[in-house]
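Student: here is my input, please return the structure:
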Amino acid sequence: MTVKKETLLGAVMVIAAGACWGMTGTVHALIAPVEASSLTVGSARVFASGSILFLYSFFFRRKSVFQQGWNFKGILLSAFGLTAYQFAFFPAVLLTGVGIGSLVGLGAAPIMAGFSGFLFFKEKLTYRWYIATCLAIVGCVLLVAPGGSGNLAHANLLGIFLALCAGMSYACQGIGLRIIGPRDPIETVSWINMLSGVMALPCLIMGDISWLITASGILCVFMLSVVSTILPSVLFTKGILNLTLGKAYTLSLSEPLTAWFLSAVFLGERLSSAGFIGISLLLLGIIILTFEKTSQDNSI
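Tutor: Next up is the predicted model:
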C-alpha cells in the first residue's frame, strides 16, 4: 500500500505548522520587552490574532464565516485550549528554559491526542504510531534528564507542571478541530482565534500593557500572532483533516525540535551527547510517521 498524496501533504503541513509554533519561545525570549509579563504577552498574542482574523473575516468572508452550521462545542474547546496554552506555556519557558519547556509540554500532547482520538473518534492507533511516539518520549527524556541539556539549572517542578498543562491544552485544540469537522481552514481558525481573543481580553486589560506601544512590543506581538499563531493554525487545521489525531500530534513534534534548534542558536541552551541522541530519536519518530504506508488516516 502506498502513501496517499493527501496524507503526505497533510503530514508536511503539520510538520511546517510545528516549525512555526516552535519559534514562539525564542521570539518571546529575544524580542519581548523586559517589563512584559508572561500573561500579558500570551493574552496579547491571541487577542491580536483574533482581532486580525475578525477584521479579515468581516470584510472578506462575512457570508461564509458568520453563517449557521458551525459546531460551537468544538470551536469553544479549541478556543479554550488555545487560550489556556498561552497562560501555561510562557511561564513554563521562563522557569525551565525554552528548549526544556517546549520538549516536556509538547512531548505529552501526542499521547493525550492519540488516545483521545482512539476513545472518542474510533481512530486506530497503528504500530508505527506506538513506535514513533515511544521514540519521541525517550528522546524527550534524554533531553531533560541530567546531562541531556546544559541548561537544566533553570528547570523546576512548577515549570515542568506548567509545561505539561500547556501540552494538554495544545491537545484540546486538535480534539476541538475533530469535533468541528471539515470546514474551510481559514474560517475555522478565524472563529477559534476570535473567541480565544475574547477569553484572553480580561487578563490583557488587567495587566500592564504599556509595552505594547514600544517598537519591540509591536514586533513581538506581530511575530507571535501572525507567524507563530495564524499561519501554523491554518496549516495544522488543513493538515489534520487527512490524519489521525495521534499521528498529527506526533508529527507536530517538529515544534520542540525547532524550539531546541532556535534556543541553541540564539539563546545558548546547549545539548550534550545524550541530548543529541534525544533529538535524533525525535526526528526518527517524525520520519517514521511521515512516510507511513497506512489507510488508517482520515480522508474527510
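Student: for the strand or helix carrying Phe261, packing partners?
Tutor: Assigned by DSSP states H and E, Phe261 belongs to helix 254-266. Judged by 3 or more C-beta pairs under 8 Å, 6 or more residues apart in numbering; DSSP states H and E, helix 254-266 is in contact with helix 5-21, helix 24-31, helix 98-121, helix 273-290. Backbone N, C-alpha and C define where each C-beta goes, glycine included.
Student: between it and helix 98-121, how many degrees?
Tutor: Orientation check (axes from the mean of the first three to the mean of the last three C-alpha atoms, to 10 degrees): helix 254-266 against helix 98-121 gives 180 degrees.
Student: would you turn the helices and strands packed on helix 254-266 into TSV with mean pLDDT and distance to Leu231?
Tutor: Shown next, in TSV, are the helices and strands packed on helix 254-266 (pLDDT from 0 to 100; distance: least, C-beta to C-beta, whole Å):
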stretch	mean pLDDT	distance to Leu231
helix 5-21	88	5
helix 24-31	84	12
helix 98-121	76	18
helix 273-290	77	20
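Student: need the ones you listed in TSV with distance to Lys63 and mean neighbour count, can you?
Tutor: Below are the helices and strands packed on helix 254-266 laid out as TSV (distance: least, C-beta to C-beta, whole Å; neighbours: other C-beta atoms under 10 Å):
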stretch	distance to Lys63	mean neighbour count
helix 5-21	26	21
helix 24-31	33	23
helix 98-121	30	24
helix 273-290	37	19
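Student: tell me the buried residues in the helix holding Phe261?
Tutor: Ser254, Glu255, Pro256, Leu257, Thr258, Ala259, Trp260, Leu262, Ser263, Ala264 (16 or more other C-beta atoms under 10 Å).
Student: how close does the first one get to Trp21?
Tutor: Separation of Ser254 from Trp21 (C-beta to C-beta, to the nearest Å): 9 Å.
Student: can I get the helix holding Phe261 in PDB? Just the C-alpha atoms.
Tutor: What follows is helix 254-266, C-alpha atoms only, in PDB (Å, rounded to 0.1, in the frame of the first residue of the first chain):
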ATOM      1  CA  SER A 254       8.700  19.300  14.800                       C
ATOM      2  CA  GLU A 255       7.800  22.200  17.200                       C
ATOM      3  CA  PRO A 256      10.100  21.200  20.100                       C
ATOM      4  CA  LEU A 257      12.800  20.300  17.500                       C
ATOM      5  CA  THR A 258      12.600  23.800  16.100                       C
ATOM      6  CA  ALA A 259      12.400  25.300  19.600                       C
ATOM      7  CA  TRP A 260      15.600  23.300  20.600                       C
ATOM      8  CA  PHE A 261      17.400  24.400  17.500                       C
ATOM      9  CA  LEU A 262      16.500  28.100  17.900                       C
ATOM     10  CA  SER A 263      17.200  28.100  21.600                       C
ATOM     11  CA  ALA A 264      20.600  26.600  20.900                       C
ATOM     12  CA  VAL A 265      21.500  29.000  18.200                       C
ATOM     13  CA  PHE A 266      20.100  32.200  19.700                       C
END
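Student: averaged pLDDT, it. What do you get?
Tutor: Averaging pLDDT along helix 254-266 yields 79.
Student: kindly calculate the angle that whatever helix or strand Leu94 lives in makes with helix 98-121.
Tutor: Using DSSP H and E, Leu94 sits within helix 72-96. Calculated by the same axes, to 10 degrees, helix 72-96 forms an angle of 160 degrees with helix 98-121.
Student: and the helices and strands packed on helix 254-266: which comes nearest Phe66?
Tutor: Nearest to Phe66 among these is helix 5-21 (25.6 Å), distances taken as C-beta to C-beta.
Student: show me how far that closest one is from its chain's centre.
Tutor: 13 Å (C-alpha atoms, centre = their mean, to the nearest Å).
Student: ok so, going back, closest one to Gly174 among the helices and strands packed on helix 254-266?
Tutor: When those are ranked by distance to Gly174, counting by C-beta to C-beta, first place goes to helix 98-121 at 5.3 Å.
Student: next helix or strand past that closest one?
Tutor: Immediately after helix 98-121, counting by DSSP H and E, sits helix 127-144.
Student: any weak-confidence spans in this protein?
Tutor: In the predicted model of the chain, residues 1-3, 98-99, 102-103, 140, 143-156, 269-272, 292-300 satisfy pLDDT under 70.
Student: and the helix or strand hosting Ser190, which residues are buried?
Tutor: Assigning secondary structure by DSSP H and E places Ser190 in helix 185-206. Residues of helix 185-206 classed as buried by neighbour count (16+ other C-beta under 10 Å): 185-197, 199-200, 203-204.
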